[in-house]
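Participant: Give me a 3D structure for the following:
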Amino acid sequence: MSPFRRAARGGALAPVCSMAAALLLLLLPFCSPVTVTAATYGSKIEAGETECYTEIVEAGGTLGFTFRVTDGGAFDVNAVMKVRSTPPVDKTTELSRFHYNARFAGLRDRQRETVLNTWQRATDGSYTYTAPSVLRTRHGLPEEVSVCFDNSFSTLSPKWVRFNVMKRDVMEVDPDAVGKVENAMEEELHRYGSILFGLAQDANTLQLVGESDRVKLNALATIMAAGLVLNVMVLLTMATYQYVSLSRFLARQVRHGKFTISTK
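Facilitator: Predicted structure coming up:
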């Protein structure tokens, strides 16, 4: 697997959705004591090919994923989202055996892969995944989330896909903040941060929808302009043909004396 690759970004983004997403991302650090990162990528999936992207999620962290096909064919693509993780251990004390005990080393290296979601011939899609916390896995090892876009069903048309990835780290309570009031305040801020995270995810979805609609509108305008030019050419051809045919007909009639032109 390769890490997420940033491809060339094409076209202008919807200004309203971009401003909304940026505003929500700016508000997140003030409403939550955790780190939030976001990035938008673009990729061209050739016909008959599959491309995969991966991202590392820390224990307890959240990853929001949104994609949309902005151009190509019927604006559809197959996609699958998977996570590769290390099985949890029973006790925290067993972590020290990961490096020198054969059984636990095998457990550490024997990662399992789980399918989170699949999309079949989809134009867009989104998914939010939260990795298990340290209290649940006991080892706190990060997980690898991968997304594969499959355009193998297409024989000619490539697909242009834009997708957004948002990552949010797990909430960490300050050990010095032993007071219940401070802990409760951090938990409340984390709750509001979760709400803003969801709103930012929705804003990113609207942004991708606007980008796709813009591409469709440009394609429709191009088709209409081509149709107008074709209609004008057809009308000019028909008018020229009618003029030439009528001129030849009148000339033959004049030569045979069946038709006279009076100047009076």
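
Participant: residues touching Thr62, list them.
Facilitator: Thr62 makes contact with 128-131, 167-168, 197 under the criterion Cβ atoms under 8 Å, 6 or more residues apart in numbering. Just so you know, the C-beta spots here come from the backbone N, C-alpha and C atoms, and that holds for glycine as well.

Participant: So which of the residues you listed is surrounded by the most neighbours?
Facilitator: In terms of neighbour count, Arg168 stands highest of those at 27 neighbours, by other Cβ atoms under 10 Å.

Participant: Wait, Asn117 touches Tyr127, no?
Facilitator: Yes. Assessed by Cβ atoms under 8 Å, Asn117 is found in contact with Tyr127 at 4.8 Å.

Participant: returning to that earlier point: which pair in the contacts of Thr62 has the greatest spatial separation?
Facilitator: Farthest pair in the contacts of Thr62 (Cβ to Cβ) is Ala131 and Phe197. Separation: 14.4 Å.

Participant: average pLDDT across stretch 229-239?
Facilitator: Confidence for stretch 229-239, expressed as mean pLDDT, is 89.

Participant: For the stretch 101-250 of the chain, which segments count as helices?
Facilitator: Remark: helices assigned in the stretch 101-250 of the chain by DSSP state H, counting those that start in this stretch are 102-109, 134-137, 180-255.

Participant: mean pLDDT for the ones you listed: which is lowest?
Facilitator: helix 102-109 - the lowest mean pLDDT of those, at a mean of 59.

Participant: What does the pLDDT read for the nearest residue to Cys148 once chain neighbours are set aside?
Facilitator: Leaving aside its chain neighbours, Cys148 sits nearest to Cys52 (4.1 Å; criterion: Cβ to Cβ, 6 or more residues apart in numbering). Cys52 is assigned a predicted lDDT (pLDDT) of 93.

Participant: Please point out which parts of the strand or helix carrying Cys52 sit buried.
Facilitator: Here Cys52 sits within strand 50-57, counting by DSSP states H and E. Residues of strand 50-57 classed as buried under the neighbour-count rule (16 or more other Cβ atoms under 10 Å) are 51, 53-55, 57.

Participant: Mind giving me the packing neighbours of that strand?
Facilitator: With contacts defined as 3 or more Cβ pairs under 8 Å, 6 or more residues apart in numbering; DSSP states H and E, the packing partners of strand 50-57 are strand 36-45, strand 143-150, strand 159-168.

Participant: The same query, at a cut-off of 10 Å, please.
Facilitator: strand 36-45, strand 62-71, strand 77-85, strand 124-130, strand 143-150, strand 159-168 (3 or more Cβ pairs under 10 Å, 6 or more residues apart in numbering; DSSP states H and E).
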